[in-house]
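# pasted the sequence and its predicted model underneath.
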Amino acid sequence: MTQTTTPPGTPVIELRNVSKTFGEVRSLSGVDFAVYPGEIVGLLGDNGAGKSTLVKTVMGFHAPDPGGEIWFNGERIDDWSVARARDLGIETIYQERALCEKQPIWRNMFMGREPRTKWGLLDVARMRSESARLMSDHMGFTSAAVHPDNVVATMSGGEKQGVAITRALYFDANLVILDEPTVGLSLTETKKTLDFVSGIKTAGKSAIFIDHNIFHVYPVVDRLYVLDRGKVAGIYQKSEISMDDLIERLYHVARTGSLN
Amino acid sequence: MVAETQPTGEKPKKPQDNRVGKPSFLRRYVSQVGIVGVGLAMWLAFVIAAPQVFTNQNIYIAFAQTTPQFGIIAIALTFVVITGEMDLSFPSIMALGTAVFCLLAQGGLAWPLALVAAFGTGALCGWINGTLVAWLNIPSLVITIGTSFLFRGLELVMMDGTGVPLTAQEYPEMHAIFRSSPFGIPVQTLWMIIILIGAWFLLNRSRFGAHVFLVGDNPTSARLMGINAVSVKTRAFMLVGVMATFSGLMTSIYGFYFWPTTGEGFLLNTIASVFLGGTSVFGGTGSVAGTFFASYIIGAINAGVVAAGINAFYTQLAFGLVIVVSVVLQTLIDRRMKRQSLTGR
């Protein structure tokens, strides 16, 4: 297994020796994982390889089993939680989109981080106007009759994804996690999403990109982690490995459980 | 009488050009408009049936005094229902909170301290409910039946099954707070209006309220975005506990006597008010203003049926009719609105 050059600098986020067990099932075992500034990291692996668990641990949704450590910008953090992670500039676009469908767009846009006025009241006017602005600036909703007060349930899959992406974008995240963002999207919507991932790098920020489809992942990432049965089976710089080579190795992992 | 709620005249407008369109007023507040319509229709029916009774203010005073007794709890219960849960134990909390007040006041504690202890008891009961429901993930319908017996049993043991007189001589301040009529308006309804305003701000203009909607809509999404669902639900149950105690005290002072059975007969009126007010049993949507109006409709049926000279046996029939018809109508209108919003874009 080749683990050669890692990018310079301190990782934005680093997991050390992280395991996660749910009852009898061990989803992650002894995983070391790091994302460096300005880097797009791809996460590949079969169903049940532990991709989503890893991401939800990075995000603070799952706490690692005792012994696992989470480091943020070179600092070990013990009380890691979703609220903490979001405060530190980590946003996730989840596979399941994490939207509340009966609620209007503005409530979804600011879910969990609602702005307040100086009186401590919810700044509903700002939530509405910001949502309207974001929808026209980033989601291309100018031509459709979509209002911030429209409930999410009335929107199409791509529009919902747009809300989830715009939400991550709005909070000016340093690290954006995309958990299978292209599932159920049309061709043009997929392209828009991939452009968005490339845009993260241009803006000098980091991302973790998870997808089943290697043809989506490979072109946009800098480094690749291959997960298998809860373990890191391989780490590659994109420059070290061609797409065909990677596909060959992924088949091999799926068959034998090892890369060699 | 149901025709009032049909969305006549005010058709949802299509956007004239391609600009972002706002959902119509009617589409956004359909259930509130509906409930006010039902209320007005019912009132008109009563006035026509018994004009001499319903043009006299006495009937309104009577019903402004008694409706808040369950309406105040209904406003708080709206929060719990929006989070997707239910509380069946509030009648017992009414009694337990009031019992704590009576015992402490009888034991010589100053009334304000006894009042604080009573509210504390209500909050604690709500905390127990909320923790069992949210933290241990027990279905609220099941566990609050259990805690209902628990709180009631505790209260009966504490009171040894006997009541406590609450005379105006002995508790002048309590009577001023819960039973007076400043400017001729029954204080009970003033409290209900104050609590409505407070609850409206809490639900619509606070982070807690925003999280109540989100947790009730999709608890997993809410948690993924960093919302503490356990804390949100627990606080909603605590609100019901405190308001149930408030209502227990108000009800007891109104009758000059604390009965150990206080709260019995409140369960269905209160829950009916929440659902009649347009709050969804599935969680995620609801309105405290709707609950407010619905409470007065439920209260008016009680007073109105008897006053209109109709046999009192018809009260339940009228209840059932108004509730079933209103909820069916709300659902139909809601569906029609949703379909229009789907195809209208």
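It's in.
# from now on I want contacts and neighbour counts done on CA atoms only, so please keep to that.
Noted.
# run through the strands of the chain in chain order.
You didn't say which chain, so I picked chain A. A:13-22, A:25-35, A:40-44, A:69-72, A:75-76, A:90-93, A:175-179, A:206-210, A:223-228, A:231-237 (DSSP state E).
# can you look at chain B instead?
Using DSSP E, strands in chain B cover B:164-165, B:257-258.
# tell me which of the ones you listed sits nearest to chain A.
strand B:257-258 (38.6 Å; C-alpha to the nearest C-alpha).
# from the middle of its chain, how far away would the closest one be?
Chain-centre distance of strand B:257-258: 22 Å, with C-alpha atoms, centre = their mean, to the nearest Å.
# please apply the same query to stretch A:110-124.
On C-alpha atoms, centre = their mean, the centre of stretch A:110-124 falls 25 Å from the chain's centre.
# and for it, what are the contacting residues?
Residues from elsewhere that reach stretch A:110-124 (C-alpha atoms under 8 Å, 6 or more residues apart in numbering or on different chains): A:83, A:126-127, A:167, B:204-207, B:211, B:214, B:222, B:225-227.
# list only buried entries from these.
Taking 16 or more other C-alpha atoms under 10 Å in any protein chain shown as the criterion, what is buried in those is A:83, A:127, A:167, B:204-207, B:211, B:214, B:222, B:225-227.
# so among these, where is pLDDT lowest?
On pLDDT alone, residue A:167 ranks lowest of these, at 86.
# how deep is the closest residue to chain B within the stretch 151-260 of chain A tucked in, by neighbour count?
Distances between the stretch 151-260 of chain A and chain B by C-alpha to the nearest C-alpha are smallest at residue A:154, namely 5.7 Å. Using other C-alpha atoms under 10 Å in any protein chain shown, residue A:154 has 19 neighbouring residues.
# separation between it and residue A:189?
As judged by C-alpha to C-alpha, to the nearest Å, residue A:154 and residue A:189 stand 18 Å apart.
# and residue A:48, by the same measure?
26 Å.
# and these two? Which one has more around it.
Counted by other C-alpha under 10 Å, residue A:48 and residue A:189 do not tie: residue A:189 has more neighbours, with 17 against 14.
# list the contacts of the closest residue to that one other than its chain neighbours.
Leaving aside its sequence neighbours, residue A:189 sits nearest to residue A:158 (C-alpha to C-alpha, 6 or more residues apart in numbering or on different chains; 6.1 Å). By C-alpha under 8 Å, 6+ apart, the contact list for residue A:158 reads A:185-186, A:189.
# which residues sit in contact with residue 35?
As the question left the chain open, I've gone with chain A. Taking C-alpha under 8 Å, 6+ apart, we find residue A:35 in contact with A:11-14, A:41, A:206-208.
# that was the other one, I meant chain B.
B:5, B:276-278, B:290, B:293-294, B:326.
# surely residue B:283 and residue B:86 touch.
No - counting by C-alpha atoms under 8 Å, residue B:283 stays clear of residue B:86, with 9.9 Å between them.
# count of residues packed around residue 197?
With no chain named, the answer covers chain A. Residues near residue A:197, counting by other C-alpha under 10 Å: 22.
# hmm, no, I was thinking of chain B.
14.
# quick check: it vs residue B:276, distance?
19 Å.
# one more: residue A:82?
From residue A:82 to residue B:276 the distance is 37 Å (C-alpha to C-alpha).
# specify which residue of the two has the higher count of neighbours.
Comparing residue A:82 with residue B:276 by other C-alpha under 10 Å, the one with more neighbours is residue B:276, at 29 against 24.
# list the contacts for the more buried one?
B:35, B:290-291, B:294, B:323, B:326-327.
# sort out for me which of these are in helices.
In this view, these that belong to helices under DSSP state H are B:35, B:290-291, B:294, B:323, B:326-327.
# tell me how many other residues crowd the closest residue to residue A:229 other than its chain neighbours.
Among residues not flanking residue A:229 along the chain, residue A:49 sits closest, at 4.5 Å (C-alpha to C-alpha, 6+ apart). For residue A:49, the number of neighbouring residues by other C-alpha under 10 Å comes to 19.
# contact residues of the stretch 51-200 of chain A facing chain B?
Proximity of the stretch 51-200 of chain A to chain B (C-alpha under 8 Å from any C-alpha of the partner chain) is limited to residues A:61, A:81-83, A:86, A:97-103, A:107, A:111-112, A:114, A:120-124, A:141-150, A:154.
# give me the buried subset of those residues.
Using 16+ other C-alpha under 10 Å as the threshold, A:61, A:81-83, A:86, A:97-103, A:107, A:111-112, A:114, A:121-124, A:141-142, A:145-150, A:154 are the buried ones among these.
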